[in-house]
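In: I'll drop the sequence and a predicted model, then ask my questions.
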Amino acid sequence: MEKQTLSFQAEVKQLLHLVTHSLYSNKEIFLRELVSNASDACDKLRFEALNNNALFEDAPNLEVRISYDRAARRIVISDNGIGLSAAEAIEHLGTIAKSGTKEFMSRLEGEQAKDANLIGQFGVGFYSGYIVADRITVESRRAGLAISEGVRWSSEGTGDFEVETITREARGTDVILHLREDEDEFLSTWKLKSIISKYSDHISLPVLMRKETWDAEKGENVISDEWEPVNKAAALWSRSKSEITDAEYKSFYEQLTYDQTPPLAYTHNRVEGRNEYTQLLYIPAKAPMDMWNRDKRGGVKLYVKRVFIMDDAEALMPVYLRFVKGVIDSADLPLNVSRELLQESRGVKAIREGSTKRVLSMLESLADSQDETSAAADKAKYAEFYKEFGSVLKEGIGEDHANQERLAKLLRFASTHADEGVSFADYVARMKEGQEVIYYITGDTLAAAKNSPQLEIFKKKGIEVLLFTDRVDEWMLSHLYEFEGKNLQSVAKGAVDLGKLQDEEEKKHAEEAAVGFKPTLDRLKKSLEGRAKDVRVTTRLVDSPACLVAEEGDMSGHLARLLKQAGHAAPASKPVLEVNAEHPLVRKLAAIGDGEARFDDLAQVLFDNALLAEGGQLEDPAAHVKRIQALILG
């Protein structure tokens, strides 16, 4: 192929403009990205060579080499990995196929315009070279191709790039950075070594640089022809825990995730027995932007005998723990394992179960820390975790029945006694004498749930009620019926039953009120025919005239609204209107004579107000307003 000039994809042009004009807060990030890409290329060769050992050619030892030329003002990052063909160079270096690119660029255009660390999160790390270089040349040959089928790609990072076929003896890739005038600080052995130590120390293959020694005659350091490793070249998880510092664990997490916020917790274990594997798992401090995209592949990195297999082995971690980051290295899985084999493997099932339990143990140790010196800090960390990931954790109640009890203990809610942080165990410990069930209410917001009329009798008696306001709570409750033998009971479903908490005098008074108010109830049922399944006197109301409740077994109004918002049809079920026979408005209603139109209007207003109080929407708001206005004037 003769030299030809091609144009960048539109998104690449925009990206390159942002890289060269915005990313300058942490310029050294370019070396981390290019070394990481070189390591990935070696991993890919190792993986493809499982089925074709000839790809190693005559160089079976995989490595990354970094050199620089102070006179020519250039840095070269070389690897002997899988390499690129001419077509791959055009495709991979001239276009971007990742869907996250636009989001990445929008982030750069916002408040985080200077944050170079973002670039690695979106798979466009190659272009970080333009932070320090005004031209990048890539020379490569794909493993298995003839030496005459090498490729040279070159661009100044503006609107186009040049590509041509070259003769190249060595398999792999050289990325040559022609530095800008003001970037001489990177033409230093000490500077490059310090960056590699900071970001790439845990790369599992050697990163080599030429040895620099002191020349007494010249009175300066000179670079020799001898190459030496400048990283530990050992997978962090393969080392003994006693040899690894907390700083090294956190540094590896940053390298793994591109997240500069330290993790909340991590666990490093070697599991032996029928299935042998090593796990290094982290719980992040902040939720990723795509956490609620359940279709996006998540999961930890999978290695087999330290050979990288895949980035997102979702089969190794349940979906509700998709926020967990880390590495699992198996000694038993086959090296050619695929996603399909992962789904079917017994060994994978054992790893998944073991890793799930390990993560839950980490969370339990934070939530219920027994360490006197760190208990307060651990519980604060758990509160931070729950704020970010609590809603996802609730998915496990329905998805992981084997661990449902452990998960239930980790859940936290608001209640009528506290705005956050209430566990089921806390609630049970505070239950009134004679209370046999755990009371709860669901609502669209904390304010709506806390001020619901259905809570009035519970507040009067000082009975705590849990407030469930996450969208996932209704779904969770369809799988969670009890906690440690205490049934969960909605205060907005069925007739209120306080059991032993309601004295005989209250029960007798309620029964008498229902009998004496029967004529008015019958009239209300007739007026609200088609809207209310039933009308009855209630004991749950203290200050409000009426409220809506669902019958046992029927769908709550809150769940029906959630389904409607999600575009699903909710099963048709009418609510029950409960009225407070002691309320002045209800007494006024009862005093209206037969045949008066005002009764029907007031009945409709009573129902509509109860619907609004629970967060529902009126089918005919204009009619409601007219009735209110007529009642005010009348």
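Out: That came through, no problem.

In: which element follows whichever strand or helix holds Leu360 toward the C-terminus?
Out: Leu360 belongs to helix 346-367 when assigned by DSSP states H and E. With elements assigned by DSSP H and E, the helix or strand that comes after helix 346-367 is helix 375-393.

In: pull the CA atoms of that next one into CSV?
Out: Output of helix 375-393 as CSV, limited to C-alpha atoms (Å, rounded to 0.1, in the frame of the first residue of the first chain):
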residue,chain,number,x,y,z
ALA,A,375,-16.4,1.2,64.4
ALA,A,376,-17.6,4.8,63.9
ALA,A,377,-15.5,5.2,60.8
ASP,A,378,-16.6,1.9,59.4
LYS,A,379,-20.3,2.7,59.9
ALA,A,380,-19.8,6.1,58.3
LYS,A,381,-18.2,4.2,55.3
TYR,A,382,-21.2,1.9,55.2
ALA,A,383,-23.6,4.9,55.2
GLU,A,384,-21.6,6.3,52.3
PHE,A,385,-21.8,3.0,50.5
TYR,A,386,-25.5,2.6,51.0
LYS,A,387,-26.2,6.1,49.7
GLU,A,388,-24.5,5.1,46.5
PHE,A,389,-25.4,1.4,46.1
GLY,A,390,-28.3,0.6,48.4
SER,A,391,-30.8,0.6,45.7
VAL,A,392,-28.8,-2.0,43.7
LEU,A,393,-28.2,-4.1,46.8
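
In: output the contacting helices and strands for it.
Out: Secondary structure elements in contact with helix 375-393, counted by 3 or more CB pairs under 8 Å, 6 or more residues apart in numbering; DSSP states H and E, are helix 346-367. The way it works is simple: take the backbone N, C-alpha and C, and place the C-beta from them, glycine included.

In: so what angle separates the directions of the helix holding Leu360 and helix 375-393?
Out: Taking axes from the mean of the first three to the mean of the last three CA atoms, to 10 degrees, one finds that helix 346-367 is oriented at 130 degrees with respect to helix 375-393.

In: now find how far off-centre helix 346-367 is within its chain.
Out: 17 Å (CA atoms, centre = their mean, to the nearest Å).

In: list the buried ones in that helix?
Out: Neighbour-count burial for helix 346-367, counted by 16 or more other CB atoms under 10 Å, picks out 347-348, 350-352, 354-356, 358-360, 362-363, 365-367.

In: send me it as PDB with only the CA atoms.
Out: Output of helix 346-367 as PDB, limited to C-alpha atoms (Å, rounded to 0.1, in the frame of the first residue of the first chain):
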ATOM      1  CA  ARG A 346     -19.400 -25.800  37.900                       C
ATOM      2  CA  GLY A 347     -16.100 -24.200  38.900                       C
ATOM      3  CA  VAL A 348     -17.400 -20.800  37.900                       C
ATOM      4  CA  LYS A 349     -20.500 -21.300  40.000                       C
ATOM      5  CA  ALA A 350     -18.300 -22.100  43.000                       C
ATOM      6  CA  ILE A 351     -16.200 -19.000  42.400                       C
ATOM      7  CA  ARG A 352     -19.300 -16.900  42.000                       C
ATOM      8  CA  GLU A 353     -20.800 -18.200  45.300                       C
ATOM      9  CA  GLY A 354     -17.500 -17.700  47.100                       C
ATOM     10  CA  SER A 355     -16.900 -14.200  45.800                       C
ATOM     11  CA  THR A 356     -20.500 -13.200  46.600                       C
ATOM     12  CA  LYS A 357     -20.100 -14.300  50.200                       C
ATOM     13  CA  ARG A 358     -16.800 -12.500  50.400                       C
ATOM     14  CA  VAL A 359     -18.300  -9.200  49.300                       C
ATOM     15  CA  LEU A 360     -21.200  -9.600  51.700                       C
ATOM     16  CA  SER A 361     -18.800 -10.200  54.500                       C
ATOM     17  CA  MET A 362     -16.900  -7.000  53.600                       C
ATOM     18  CA  LEU A 363     -20.200  -5.100  53.800                       C
ATOM     19  CA  GLU A 364     -21.200  -6.800  57.100                       C
ATOM     20  CA  SER A 365     -17.900  -5.800  58.700                       C
ATOM     21  CA  LEU A 366     -18.500  -2.200  57.700                       C
ATOM     22  CA  ALA A 367     -22.200  -2.100  58.700                       C
END
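
In: what does that helix rub up against?
Out: Here helix 346-367 makes contact (CB atoms under 8 Å, 6 or more residues apart in numbering) with 264-267, 269, 271, 274-275, 277, 279, 281, 283, 300, 315-318, 321, 324, 328, 330, 332-333, 342, 378-379, 381-382, 385, 393, 400, 402-403, 406-407, 409-410, 423.

In: same question, stretch 627-634
Out: In contact with stretch 627-634 (CB under 8 Å, 6+ apart) are residues Arg598, Asp601, Leu602, Gln604, Val605, Asp608.

In: what's the weakest-modelled helix or strand in this protein?
Out: Lowest mean confidence among the helices and strands of the chain (mean pLDDT, DSSP states H and E): helix 101-109, at a mean of 55.

In: what about Asp419, how many residues close to it?
Out: 12 (other CB atoms under 10 Å).

In: part of a helix, is it?
Out: No - assessed with DSSP: H, G, I helix; E, B strand; the rest coil, Asp419 is coil; it does not lie in a helix.

In: gap between it and Ala449?
Out: 11 Å (CB to CB, to the nearest Å).

In: kindly report the same for Lys588.
Out: 29 Å.

In: higher neighbour count, the two?
Out: Ala449 (26 against 12).

In: residues contacting that one?
Out: By CB under 8 Å, 6+ apart, the contact set of Ala449 is Ala414, Ile441, Thr442, Gly443, Leu467, Phe468, Thr469.

In: mind checking the SS state of the fifth one?
Out: Classification of Leu467 by three-state DSSP places it in strand.

In: now swap in the one 4 residues further on and tell me
Out: Reduced to three states with three-state DSSP, the structure at Arg471 is coil.

In: and it, what's its pLDDT?
Out: Arg471 carries a pLDDT value of 85.

In: can you report phi and psi for it?
Out: Arg471 adopts backbone torsions of phi -60, psi -30, taken as degrees, to the nearest 10.

In: how close does it get to Leu477?
Out: Distance, Arg471 to Leu477, using CB to CB: 12 Å.

In: higher neighbour count, these two?
Out: Leu477 (19 against 14).

In: tell me the contacts of Asp134?
Out: The contact partners of Asp134, by CB under 8 Å, 6+ apart, come to Glu156, Gly157, His178, Leu179, Arg180.

In: my guess is the fourth one contacts Tyr130, does it?
Out: By that I understand Leu179. No - contact status for Leu179 versus Tyr130: not in contact, 10.9 Å apart, counting by CB atoms under 8 Å.

In: compare those two (neighbour count), which wins?
Out: Each of Leu179 and Tyr130 has its neighbours counted (other CB under 10 Å); Tyr130 has more, 25 against 20.

In: and that one, how far is that from Gln617?
Out: 53 Å.

In: not counting sequence-adjacent ones, nearest residue to Trp214?
Out: Excluding the flanking residues, the one nearest Trp214 by CB to CB, 6 or more residues apart in numbering is Asn221, at 5.7 Å.

In: can I get the CA coordinates of the helix or strand harbouring the one you found in CSV?
Out: Applying DSSP H and E as the criterion places Asn221 in strand 220-229. Once non-C-alpha atoms are left out, strand 220-229 reads as follows in CSV (Å, rounded to 0.1, in the frame of the first residue of the first chain):
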residue,chain,number,x,y,z
GLU,A,220,27.2,12.9,34.1
ASN,A,221,24.7,10.0,33.8
VAL,A,222,25.0,8.1,30.5
ILE,A,223,22.5,5.6,29.0
SER,A,224,23.9,2.2,28.3
ASP,A,225,22.8,-0.5,25.8
GLU,A,226,21.7,-2.7,28.7
TRP,A,227,17.9,-3.0,29.4
GLU,A,228,16.6,-3.4,33.0
PRO,A,229,13.1,-3.9,34.4
